[in-house]
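Chemist: With the sequence up front, the predicted model follows.
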Amino acid sequence: MSGKPTYQELTNFFYNCARWVPKLDLTSRVASMHMNLSVSFRVGLLPTLLFGFLHPTLAGIRTSFSLDYCSWHATDIVLVELTPRPGVFRVVESWKGNLEAGSPVAVPGLQPAPGAIEISAYPRRFAEIENGGLNEQIPAQPSGSRMVLFLKNEAGASGEQWRPADFFGEMKTSVVWIDGGQLYRFQQVVNPGPSILAPWDMGLDKMKDRVREIHRVQLELAKVIAVEDSAVRAEALKFYVRSDFREAQQLALSELGKSGPRALATIREMLSDPVFADDGAELVKAFAEAGGESVGEELERRLQEQLTFWQATGPTLSLGWWNQDPTPHAPLRGRYAQTLELVRALERVHYRPASITAGQLGNLWRSLPQLDDPSGLSQMVTECDQLVDKLRRN
């Protein structure tokens, strides 16, 4: 991804984060005070998060450092120390990539602004920290101070050029600062609120181990993707769909879809396995991509099963049921996501007989206020109507 993320990229990013990460740990240490700022980050928050991007006057999501995301997308991860030259660093240790110890790395985007101060002079009271100000800026650390850089090597006409590995393309959220043995990273602690340089309860050795483990999985997955036999490849990808690393999981799901008809048996088996229940919607998407028009009948059969479920369950639900189960693996939310993806998949494979089932599902949704909730669940009606209209016109 180059430049700022698109609306669709933002949607996918927050949907995947919300369904994958049950808790975003924002634990901060400020002087001797320990503050636990654990924030639930679940699917139910997705509309609010996206609304923040589209309506910045009402709420605003700001960039935050993500160790796993940056570790996966960086070509080079290095422990460096500052040199007397602004924006120029010397590599102390390479954790990923081809940079060698002693190599200079020029990153102009990390030059402190005029008036920037050292981390040691930052405010210590939490109320002052969360309000932002000077701690929203890149700190002016003394020469010899250490940092960990997460970079993308993108060669341009002028030669080597380093870009941030961060999802939002921000250099300051592609860096971890070290001051007195304490790690710091830019994080939005409160929304709405600024992205500030805050203490992080993470040790340097632990962070290094995480980076190297992610890199190991990345290399393993690359070998799996290179397997020519698509059936064998699909079976191997199955393991990574349950990976501890979200990026590995998403890549494995994407590659399943690209593996073609010989992957269908594996994906079908996964759709029937409760172990992969949380991945149902993504597996439906992969199944439709792998099989194309040939799986239209099976997709409609699965949609009919979902229709039967909602016919029995819908009337028993109360208004606001979506938020009544706040657990990360809420079964009804997973069921909803899979049903919605089946409707979309049938549109992609253009299976005409599905118009009847889709019409019945849309009418059911309209008839029950607890399902046709204008706060977000009404999307099912929109998708069903769109599918029916497209199949009847073409």
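Modeler: Arrived safely, thanks for sending.

Chemist: so where do the helices sit in the stretch 101-250 of the chain?
Modeler: Secondary structure of the stretch 101-250 of the chain (DSSP state H, counting those that start in this stretch): helices at 126-130, 204-225, 230-240, 246-258.

Chemist: what residue ranges in this protein score low on pLDDT?
Modeler: Low-confidence regions of the chain, defined here as pLDDT under 70, cover residues 1-60, 124-134, 155-160.

Chemist: Residue ranges of each domain in it, please.
Modeler: Listed by automatic domain parsing, the domain ranges of the chain are 7-202, 227-393.

Chemist: Out of those domains, the one nearest residue 215 is which?
Modeler: The minimum distance between residue 215 and these falls on domain 7-202, with 5.1 Å, by C-beta to C-beta. The C-beta positions use only the backbone N, C-alpha and C, and glycine is treated the same way.

Chemist: Number of residues surrounding residue 394?
Modeler: Using other C-beta atoms under 10 Å, the number of residues around residue 394 comes to 7.

Chemist: Then residue 98?
Modeler: Other residues lying near residue 98 total 9 when counted by other C-beta under 10 Å.

Chemist: Name the nearest residue to it, ignoring sequence neighbours.
Modeler: Nearest-residue entry for residue 98: residue 76, 7.0 Å, with adjacent residues in sequence omitted and distances by C-beta to C-beta, 6 or more residues apart in numbering.

Chemist: which residues touch that neighbour?
Modeler: If a contact means C-beta atoms under 8 Å, 6 or more residues apart in numbering, then residue 76 has 94, 96, 97, 98, 99, 149, 151, 152, 153, 162 as its contacts.

Chemist: For the third one, give me phi and psi.
Modeler: Pointing back at residue 97 there. The phi/psi pair for residue 97 (degrees, to the nearest 10) reads phi 100, psi -170.

Chemist: List the buried residues for stretch 258-268?
Modeler: By neighbour count, with 16 or more other C-beta atoms under 10 Å as the criterion, the buried positions of stretch 258-268 are 259, 260, 263, 264, 266, 267, 268.

Chemist: actually stretch 282-294, sorry about that
Modeler: Using 16+ other C-beta under 10 Å as the burial criterion, the residues of stretch 282-294 that qualify are 282, 283, 284, 285, 286, 287, 288, 289, 290, 291.

Chemist: now swap in stretch 84-94 and tell me
Modeler: 88, 89, 90, 91, 94.

Chemist: neighbouring strands for the helix or strand where the third one lies, and are they parallel or not?
Modeler: It refers to residue 90. Using DSSP states H and E, residue 90 maps to strand 88-96. Sheet pairing for strand 88-96, assigned by DSSP bridges, gives strand 76-82 (antiparallel), strand 104-106 (antiparallel).

Chemist: Of these, give the one that comes closest to residue 227.
Modeler: Using C-beta to C-beta, the nearest of those to residue 227 is strand 76-82, at 27.3 Å.

Chemist: quick one: the closest one to helix 204-225, angle?
Modeler: 150 degrees (axes from the mean of the first three to the mean of the last three C-alpha atoms, to 10 degrees).

Chemist: Number the chain from 46, please
Modeler: With the count now opening at 46, the last piece we talked about shows up as strand 121-127.

Chemist: Who are the contact partners of the nearest residue in space to residue 360 that is not next to it in sequence?
Modeler: Counting by C-beta to C-beta, 6+ apart, residue 413 is the residue found nearest to residue 360 once chain neighbours are left out, at 6.5 Å. Under the criterion of C-beta under 8 Å, 6+ apart, the contact partners of residue 413 comprise 359, 360, 362.

Chemist: Which of the contacts of residue 121 fall within strands?
Modeler: Using DSSP state E to define strands, the subset of those located there is 139, 141, 194, 196, 197, 198, 207.

Chemist: Farthest pair within those?
Modeler: The largest separation in the ones in strands among the contacts of residue 121, counting by C-beta to C-beta, is between 139 and 197 at 15.0 Å.

Chemist: was I right about residue 184 contacting residue 160?
Modeler: No - between residue 184 and residue 160 no contact is recorded; they are 11.4 Å apart, counting by C-beta atoms under 8 Å.

Chemist: ok, back up a step: could you check how far the strand holding residue 135 is from the centre of its chain?
Modeler: On the basis of C-alpha atoms, centre = their mean, to the nearest Å, strand 133-141 sits 27 Å off its chain's mean C-alpha point.
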